[in-house]
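Visitor: Provided below for reference: sequence and predicted model.
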Amino acid sequence: MNLTKIKRWHLERLAFVYLRQSSPTQVKKNVESAERQRRMQQRAQELGWPDRQVQLLGGDTGRSGCSLHGREDYQSMLQAVMEQKAGIICVRELSRLVRDNQDWNQLVRLCRYQGVLLADEYRIYDPADPQDRVVLGIQGAFSEFELAMICDRMQKSRVQKAERGELYEGFPPGYICRHAPHYEKHPDARVQRAVEQVFEAFEHAPSVSSMYRGLLEKRFQLPVVPHGKDWREVQWVTPKYGQVLEMLRNPAYAGIYVRGRKKTITVLDDDGHLEKKRARVSREGWGVFLEDHHEPYICRATWEKNLTKICANTLMRRTMTKRSPQNGSGLMTGLLRCRRCGHKLHATYHDGRVCYVCRGGRAQRDSGSKSCFGFRGTRADEQLTELIFEVISPAAVAAANTAEKQLADRRQRERQLIVDRLEASRESEARAAREYKLTDATYTAVRDRLGREWEDALRVVHSEQDQLAEFDNRQPALLTAEQIQKLNRLGGDVRRIWNHPRADLVLKKQIVRTVIEEIIVDIDDSRDEVVLTVHWAGGHHTPLRVPRRRARSPARVRDLAAVVDTLRKVLNDSAIATALNRGNIKTLAGETWTGRRVAAFRKQSSIPAYNVTTQKANGWITQAQAATSLNISPMSLTRLVRAGIIAAEQPHPTLPCVISRHAIQLDRVKNAVRELKNSRNRPLSHDPNQLSLYGTTNS
């Protein structure tokens, strides 16, 4: 050991003794290593530093040396070096300081220019000395190489153990590892039933979120064995959404051993520090995939089906998927695919009515271009419903019988969960009672605490008993004969159940997604029809054509009383009803007109009835009567009215006109009629056999 490297001004500065161990496990188990590192305090004193100037830095224990991130004691030591407060840095092995060669060279460079020495168990290094600097550089490179070799050796050992299916970092709920090197189901029947309940609930639920809400409503509890605890120490906790989702995704429940579902990625954060992140790996990148590795809770087909459902329910994807049913009224949302561009159609709503629009093809065309097409979905949904009735009606009665059995089984399983909780609470109460009775009466404080625990356990038992009694009273074990008969009767009338006001819309969509895989849609512009190709779940295809536009809706009239008051000048109540119905004008209640309804509406609105004397006195005539009087066709008369040559009262564009005899006797009208008759392009030839649309009889 060359003590000549230590100068007087070195001894005037501080001596730092740095401690570090790579992991919390080493801190807990490798206590001798930590003790050897602390002995470097004595070495610093032997080198000449007084005890008051020796500082022990042990705050970085349990942290890796591959990065400076999170090592506060190391950062404070660097700060002291830069401020020329450090005289020497003592460490049992120089690799304890840092494992990254770049960071090591930076430390050596700072110590060189700030006059700081480095010391290990055997010698002292002066970074300003070229020979010592070469040795330090070799040690830094070797330290980084050693770390890489250690990590590579450990990783290969883990891979070799994983290929045998014996590498475990934790056990999913419902599995333990006692004697065999493989998973095994937890021997507690209550634990197994709870795990099975999760998969069964997801089978009948449209999505994970809806299934999770249902479990919370039933006060479901998940069995968990804390890491490092004995498998007998089962804790029953209210599950989190992520726990339930991971159970459904985990292939271990299908008897499959998998390694490599996630990988560790080392990246640089914004401050330039190394940061490790966990990222999911696609199924093709899984390193180990061993089937029939242990006893499963579900089969592989069920696991694959669950993954498909979870993937389809993911809303935050670039391309729309089938998804879980939502609350919108669109029955085909998520099922329609454009025949032109292959993208899914989006559902939009206007005034409560659904419209399906294809917007995906914009990426294949110029920017700013319009969508492929869109159409209103009400008519298409109605015809698809009729098609579904034809498919599911024959199996409705059989489904009712199956539902009866499933309902009884489900009630039994729900009751069993309450019974399991009751038995567990009784065991806790019995254990608390034994501890209380076995405690000596002289230990008053202890007996008081145990007595309170016994009382709490008794209250839990009574609460579970009350819940079981309430469940039995609310949910009978078996359906009565009347309920079974009613269920079978409803199974034979699917249409009435479907159209019932209280029918669940989400359940309807779930039924549609069960029987239909996809619907290919296009527009036939020549016939103005929506062309649908229904791809059923069984593989069959059914073509379906729907008019793109619905039949003309009832005309909207702002003042219905004014309309009737105008028509009663030339038409009686029956003729008014005929005119209103042909004009597609409904009553205020949305019904068609009859003569009685017109009469009742007139009386309610104080409108006088049709009168022949009043008509003749005012000279009111119908459009057909005016055409006959002028000896022209009704269409020619309509052209004269639209041109403003003949003045007329028309309360609505779909209703006949009321014309005055004085209006057709004007000179401009006679001249227009004369020119019309002399013209070769008459709209219609005069045919005495052609009947008027509304007739000329007012009786």
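Guide: Looks like it arrived, so ask away.
Visitor: Report the mean per-residue pLDDT for stretch 36-51.
Guide: Taken as a whole, stretch 36-51 has an average pLDDT of 87.
Visitor: Let me know the next secondary structure element after the longest helix belonging to the chain.
Guide: Counting residues, the longest helix in the chain under DSSP state H turns out to be helix 396-438. The C-terminal neighbour of helix 396-438 among helices and strands, as given by DSSP states H and E, is helix 444-474.
Visitor: Run the angle between that next one and helix 396-438 for me.
Guide: Calculated by axes from the mean of the first three to the mean of the last three C-alpha atoms, to 10 degrees, helix 444-474 forms an angle of 160 degrees with helix 396-438.
Visitor: From the chain's centroid, how far away is helix 444-474?
Guide: 39 Å (C-alpha atoms, centre = their mean, to the nearest Å).
Visitor: and that helix, what other elements does it pack with?
Guide: Packing partners of helix 444-474 (3 or more C-beta pairs under 8 Å, 6 or more residues apart in numbering; DSSP states H and E): helix 396-438. (C-beta placed from N, C-alpha, C; glycine too.)
Visitor: Distance from the helix it packs on to the middle of the chain?
Guide: Computed by C-alpha atoms, centre = their mean, the separation of helix 396-438 from the middle of its chain amounts to 31 Å.
Visitor: helices or strands up against it?
Guide: Using 3+ C-beta pairs under 8 Å, 6+ apart, the elements in contact with helix 396-438 are helix 189-203, helix 444-474, helix 481-491.
Visitor: Could you pull up the mean pLDDT of it?
Guide: pLDDT averaged over helix 396-438 gives 75.
Visitor: go on, stretch 616-635?
Guide: Mean pLDDT, computed over stretch 616-635, is 86.
Visitor: and if you look at stretch 293-309?
Guide: The average of the pLDDT scores along stretch 293-309 is 89.
Visitor: Stretch 8-21 too?
Guide: The average pLDDT within stretch 8-21 is 88.
Visitor: Also stretch 211-218?
Guide: So the average pLDDT for stretch 211-218 ends up being 87.
Visitor: domain parsing for this structure?
Guide: Using automatic domain parsing, the domain ranges for the chain come out as 3-159, 165-177+184-256+291-313, 394-491, 560-678.
Visitor: Now do the last one: distance to the chain's middle.
Guide: The chain centre lies 60 Å from the centre of domain 560-678; the measure is C-alpha atoms, centre = their mean.
Visitor: How about stretch 373-390?
Guide: For stretch 373-390, the separation from the chain centroid amounts to 25 Å (computed by C-alpha atoms, centre = their mean).
Visitor: give the contact list for Val198.
Guide: By C-beta atoms under 8 Å, 6 or more residues apart in numbering, the contact set of Val198 is 215, 222, 244, 247-248.
Visitor: just Leu387 next, same as before
Guide: 534, 542, 544.
Visitor: That one: which element?
Guide: According to DSSP H and E, Leu387 maps onto helix 378-392.
Visitor: Can I get stretch 570-586 in CSV, CA atoms only?
Guide: Extracted in CSV, the C-alpha atoms of stretch 570-586 (Å, rounded to 0.1, in the frame of the first residue of the first chain):
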residue,chain,number,x,y,z
VAL,A,570,-116.7,22.7,-51.3
LEU,A,571,-116.6,19.3,-49.6
ASN,A,572,-118.8,17.5,-47.1
ASP,A,573,-117.3,15.7,-44.1
SER,A,574,-116.8,12.3,-45.9
ALA,A,575,-115.1,14.0,-48.9
ILE,A,576,-112.9,16.1,-46.5
ALA,A,577,-111.8,12.8,-44.7
THR,A,578,-111.0,11.3,-48.1
ALA,A,579,-108.9,14.3,-49.1
LEU,A,580,-107.0,14.4,-45.8
ASN,A,581,-106.2,10.7,-45.9
ARG,A,582,-105.0,11.0,-49.5
GLY,A,583,-102.8,13.9,-48.5
ASN,A,584,-101.4,11.7,-45.7
ILE,A,585,-102.5,14.2,-43.0
LYS,A,586,-103.4,12.6,-39.7
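Visitor: and that stretch, which residues are buried?
Guide: Buried positions in stretch 570-586, judged by neighbour count with 16 or more other C-beta atoms under 10 Å: 570-580, 583, 585-586.
Visitor: Same question for stretch 251-264.
Guide: Those buried within stretch 251-264 under the rule 16+ other C-beta under 10 Å are 251-259, 261.
Visitor: Quote the end-to-end distance of that stretch.
Guide: Start-to-end span of stretch 251-264 (C-alpha to C-alpha, to the nearest Å) is 20 Å.
Visitor: And for it, what's in contact with it?
Guide: 162, 165, 167, 172, 174-175, 182-183, 195, 199, 247, 276-281, 285-300, 302-303.
Visitor: What average pLDDT does that stretch get?
Guide: Mean predicted confidence for stretch 251-264 is 87.
Visitor: Could you do stretch 373-383 as well?
Guide: 84.
Visitor: circling back to that earlier point, keep only those of the contacts of stretch 251-264 that are in strands.
Guide: In strands, defined here by DSSP state E, the members of the contacts of stretch 251-264 are 175, 276-280, 288-290.
Visitor: List only buried entries from those.
Guide: Buried subset of these (neighbour count, 16+ other C-beta under 10 Å): 175, 288, 290.
Visitor: Closest one of those to Ile6?
Guide: Nearest to Ile6 among those is Val288, at 55.7 Å by C-beta to C-beta.
Visitor: And the closest residue to that closest one other than its chain neighbours, how close does it get to Thr566?
Guide: Closest residue to Val288 apart from its sequence neighbours, by C-beta to C-beta, 6 or more residues apart in numbering: Arg259 at 4.0 Å. Here the criterion is C-beta to C-beta, to the nearest Å. By it, Arg259 lies 85 Å from Thr566.
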